[in-house]
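Here is a sequence with its predicted model. Questions after.
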Amino acid sequence: MTIPLPEGIDPRVLVAVAEQVAVEAGRLIVDERPPDLGVAETKSSATDVVTVMDQRSQDLLLTRLAELRPQDGFAGEERGGRAGSSGITWVVDPIDGTVNYLYGIPAYAVSVAAVVGDPSTAGAWRPVAGAVVNPVTGERFTATLGGGARRAVRDGDARTLRVTDTELGLALCGTGFGYDAERRRWQGEVLAGLLPRVRDIRRLGSAALDLCRVADGSLDVYYERGLNPWDMAAGWLVAAEAGALVTDLDGGHPTDTMTLAGGPAVHRALGSVLGEVVAHVGREIDR
Ligand code: IPD
């Protein structure tokens, strides 16, 4: 489905806004992260702190985007959304990689995307500008529809990104697992079928960064079942603008059923192996 860009919208303006607010939210979650979070008395109290930081980061994004782009809609992982009138909706993940954030592993990000269409309906939306910012390493991945993908470290010069495209047996493959036990069992069975067919697997813990890693060639390919629009929106565009195909298992838009990203040849090869493995394991799970 092709969803047109609303008239008068310039993705270069949107990406500058995305990067700016993602940097601001990244500063908040790093500066205000309690230093002993990972060793908090109980894991449930630590998780509550993460939830509070997630909500604070999202509130900052909502407020700043309302100031900078008052006509646009807003949808995020946490509580609070806003309908807009411009045809653009901001889809944000205030902390992607929350478990890494909890443990102090520097692989988490703020993900901010401007999308067209309806992000609450699978396959009915697409990103047109996006930024994924890792506030610990200072990496900033940005992309605009038709304008390419870039990586900068802090305010340094940006480098244009290009995917690798290797044969599957030599491919370093990223993936991730959801939170639900039933889904994790399915994901484990699929992984067991795939592992002998690739160079190796990485589970880095942030889907947004995984997609950006495909874009910069530090992963060759990536797949995951169960992603939400906020996990994938900005990273999808970064990977696609670096030359990746980003689809579901049937070649359509990525959805929560499957997100598969890689250079054209490795994407095709992984898609075909995943198709076989999924047919063997069974496509259906409750969630
Ligand atoms: C999660 C991360 C993780 C992926 C999960 C996501 P969150 O997002 O992106 O890498 O495997 O599917 O839910 O919860 O940290 O925002």
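That came through fine.

Let's verify the residue of the chain found nearest the ligand: helix, strand, or coil?
Of all residues in the chain, the one sitting closest to the ligand is residue 176 (2.3 Å; C-beta to the nearest ligand atom). From N, CA and C alone the C-beta is placed, and that goes for glycine too. State at residue 176, reduced to three classes by DSSP: H, G, I helix; E, B strand; the rest coil: coil.

Residue 183 too?
Of the three states, residue 183 takes helix according to three-state DSSP.

so it makes contact with residue 226?
Yes: at 5.7 Å, residue 183 and residue 226 qualify as touching, with contact defined as C-beta atoms under 8 Å.

Comparing those two, which residue is more hemmed in?
For residue 183 versus residue 226, neighbours defined as other C-beta atoms under 10 Å are more numerous around residue 226 (22 against 16).

tell me which element that one falls in.
Counting by DSSP states H and E, no helix or strand carries residue 226.

Let me see the contact set for the residue of the chain closest to the ligand.
203, 204, 205, 207, 210, 224, 227 (C-beta atoms under 8 Å, 6 or more residues apart in numbering).

now these as CSV including secondary structure?
Output for the contacts of residue 176, formatted as CSV (three-state DSSP):
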residue, secondary structure
203, coil
204, coil
205, coil
207, helix
210, helix
224, strand
227, coil
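
Among those, which one is most surrounded by other residues?
residue 210 (32 neighbours).

That one and residue 157, how far apart?
24 Å (C-beta to C-beta, to the nearest Å).

wait, doesn't residue 159 sit right on residue 151?
Yes: contact criterion C-beta under 8 Å: residue 159 and residue 151 qualify, at 5.5 Å.

just to revisit the earlier point, got the contacts of residue 176 as a markdown table, with distance to residue 274 and pLDDT columns?
Below are these laid out as a markdown table (distance: C-beta to C-beta, whole Å; pLDDT from 0 to 100):
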| residue | distance to residue 274 | pLDDT |
| --- | --- | --- |
| 203 | 16 | 98 |
| 204 | 19 | 98 |
| 205 | 21 | 97 |
| 207 | 16 | 98 |
| 210 | 16 | 98 |
| 224 | 11 | 98 |
| 227 | 15 | 97 |
